[in-house]
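Chemist: Mind folding the following:
(one chain, ligands or ions: 1)
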Amino acid sequence: MTPSIANLLGIKYPLIIAPMFLVSDTKMVIEALKSGCTAAIPALNYRTQAELRTAIREIRSAQKGPIGINLIVNKSNMRLSKDLAVCLEEGIDFYITSLGSPKEVIEKAHKDGKLVFCDVVNAEYALKVEKLGADAVIAVNNEAGGHAGKLSMIEILNELKNSIHIPIISAGGIAEAADLNAALEAGASGVSVGTVFIASDEAPVSQEYKNALIEYGAKDIVMTTKLSGTPCTVIKTPYVEKTGTEPNWIEKTMNRYKGLKKLMKMILFVRGMKKLRSAAFDFTYKKVWCAGPSIEKIKEIRPIRVIIADLVRDLP
Ligand SMILES: Cc1cc2nc3c(=O)[nH]c(=O)nc-3n(C[C@H](O)[C@H](O)[C@H](O)COP(=O)(O)O)c2cc1C
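Modeler: Numbering: from 1, shown residues only. Got it, this is the predicted structure:
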């Protein structure tokens, strides 16, 4: 038996509000802590290290409890070392790493006795991060919002239970208590939940984005590679339908040439992030909203404390 992440983190419920680019913010973390859970914010949600530091201090001064920061650990994240340095100085309690090798984060965080949870989509990668010393893995399944995995919740939990010995946190498709209970019953030591918290009073995104989570359903979620090159789930709005979910022929042609491939990726990334940012916060016809299929079960916009109370209602 691996310990519940509630014990690992010193919180009441084994629930993390998942890190969400552009969406997660200090208010959401504070509300999670007040409700006996925790949350993580992507470091990239802050333009500078000074803003990241201010955000961490704001949470600390408002509420006791463990705070998480999400770090993208692939080579294209030029800010990694600087963001990590701020987090270490500010005593961040746990890290969620995604899209690369967590080696540097694990080594540095462990020197201070802090925890590192690594996103994984299969056993092969989970074994690698376990060897590197990860404290838990986040099993991202095929119902997750963002960069979803390929395996169903049960498939990935079974695969991981048979190969690693550290706690497994299930991520993807959790919208109500029954989903959370099913993940724990299937052997997860906790859950990481994103999409349903976008439809919260506290999420800093536009009302239009929140309303879309109610109006659209699971059948409207599609994968796009247009935003960053890495497949990501978005709502199939008329704009997404019109512009497609794959790079256009110019982008594809450029991708074939080694020298241009890197440049193309950068252009795609910058353009994609600009679109996502403006769709999340402004009124624009370019509606590109990231969300997972759990929007199927979203019926209203609620305060975070109510969403959490609903999710954990069967837990002791
Ligand atoms: C809008 C949105 C943005 C996300 N941004 C990130 C991110 O910046 N870093 C990351 O590791 N995961 C990101 N994710 C994935 C979540 O951390 C989490 O794995 C996922 O939301 C779980 O699935 P669910 O949405 O069905 O609950 C994002 C997900 C969504 C919906």
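Chemist: Would the helix or strand harbouring residue 139 count as contacting the ligand?
Modeler: Secondary-structure assignment from DSSP states H and E places residue 139 in strand 136-140. Yes. Contact of strand 136-140 with the ligand (Cβ under 6 Å from any ligand atom) involves residue 140. Any C-beta I mention is one placed from the backbone N, CA and C, and that applies to glycine too.
Chemist: Pairing partners for that strand, with directions?
Modeler: strand 115-120 (parallel), strand 168-171 (parallel) (DSSP bridges).
Chemist: Mean neighbour count, those: which tops it?
Modeler: Compared across those, strand 168-171 shows the largest average neighbour count, a mean of 29 (mean count of other Cβ atoms under 10 Å).
Chemist: contacts for that one?
Modeler: Contact partners of strand 168-171, identified using Cβ atoms under 8 Å, 6 or more residues apart in numbering, comprise 2, 5, 14, 16, 18, 117, 119, 136-141, 144, 153, 156-157, 160-161, 183, 186-194.
Chemist: Mark which of those residues are buried, thanks.
Modeler: Buried members of those, scored by 16 or more other Cβ atoms under 10 Å, are 2, 5, 14, 16, 18, 117, 119, 136-141, 144, 153, 156-157, 160-161, 183, 187-194.
Chemist: mind listing which of these are in strands?
Modeler: 16, 117, 119, 136, 137, 138, 139, 140, 190, 191, 192, 193 (DSSP state E).
Chemist: can you tell me which residues contact the fifth one?
Modeler: When contacts are counted by Cβ under 8 Å, 6+ apart, residue 137 is found next to 117-120, 126, 129-130, 160, 164, 166-169.
Chemist: of those, closest to the ligand?
Modeler: Ranked by distance to the ligand (Cβ to the nearest ligand atom), the contacts of residue 137 are led by residue 119 at 5.5 Å.
Chemist: bridging residues for that closest one?
Modeler: residue 138.
Chemist: Show the contacting residues for it.
Modeler: Residues counted as contacts of residue 119 (Cβ under 8 Å, 6+ apart) are 96, 97, 98, 99, 137, 138, 140, 171.
Chemist: Could I get the pLDDT score of residue 70?
Modeler: pLDDT recorded at residue 70 is 97.
Chemist: Would you agree it falls within a helix?
Modeler: No. Per DSSP: H, G, I helix; E, B strand; the rest coil, residue 70 lies outside any helix segment and is strand.
Chemist: Verify the stated contact: it with residue 39.
Modeler: No. In terms of Cβ atoms under 8 Å, residue 70 does not count as a neighbour of residue 39; the distance is 10.0 Å.
Chemist: any shared contact partners between those two?
Modeler: Common neighbours of residue 70 and residue 39 (Cβ under 8 Å, 6+ apart) are 19, 24.
Chemist: Which of these two has more residues huddled nearby?
Modeler: Each of residue 70 and residue 39 has its neighbours counted (other Cβ atoms under 10 Å); residue 39 has more, 30 against 24.
Chemist: and the more buried one, what does it touch?
Modeler: Residues in contact with residue 39, defined by Cβ under 8 Å, 6+ apart, are 16, 17, 18, 19, 24, 28, 29, 32, 33, 67, 68.
Chemist: closest to the ligand among those?
Modeler: Closest to the ligand, out of all of the contacts of residue 39 and judged by Cβ to the nearest ligand atom, is residue 18, at 3.3 Å.
Chemist: What pLDDT is listed against the closest one?
Modeler: The predicted structure scores residue 18 at 98 on the pLDDT scale.
Chemist: ok, it - contacts?
Modeler: Residues in contact with residue 18 (Cβ under 8 Å, 6+ apart) are 24, 39, 40, 96, 171, 192, 193, 194, 197.
Chemist: what does residue 68 give?
Modeler: 16, 19, 29, 38-41, 92-96, 117.
Chemist: The ligand next: which of the contacts of residue 39 are close?
Modeler: Restricting the contacts of residue 39 to those near the ligand by Cβ under 6 Å from any ligand atom leaves 18, 19.
Chemist: just the contacts of residue 39 now: which is nearest residue 233?
Modeler: residue 18 (13.0 Å; Cβ to Cβ).
Chemist: Check the gap between that closest one and residue 65 for me.
Modeler: According to Cβ to Cβ, to the nearest Å, residue 18 and residue 65 sit 17 Å apart.
Chemist: Quick one: name the residues of the stretch 201-316 of the chain near the ligand.
Modeler: With Cβ under 6 Å from any ligand atom as the criterion, the stretch 201-316 of the chain comes near the ligand at residues 290, 291, 292, 294.
Chemist: Just confirm the last one is within a strand.
Modeler: Which is residue 294. No. Assessed with three-state DSSP, residue 294 is helix; it does not lie in a strand.
Chemist: which of the ones in strands among the buried ones among the contacts of strand 168-171 sit farthest apart?
Modeler: 137 and 193 (16.2 Å).
Chemist: who wins for neighbours among the residues of the stretch 201-316 of the chain next to the ligand?
Modeler: Going by other Cβ under 10 Å, residue 292 tops those with 30 neighbours.
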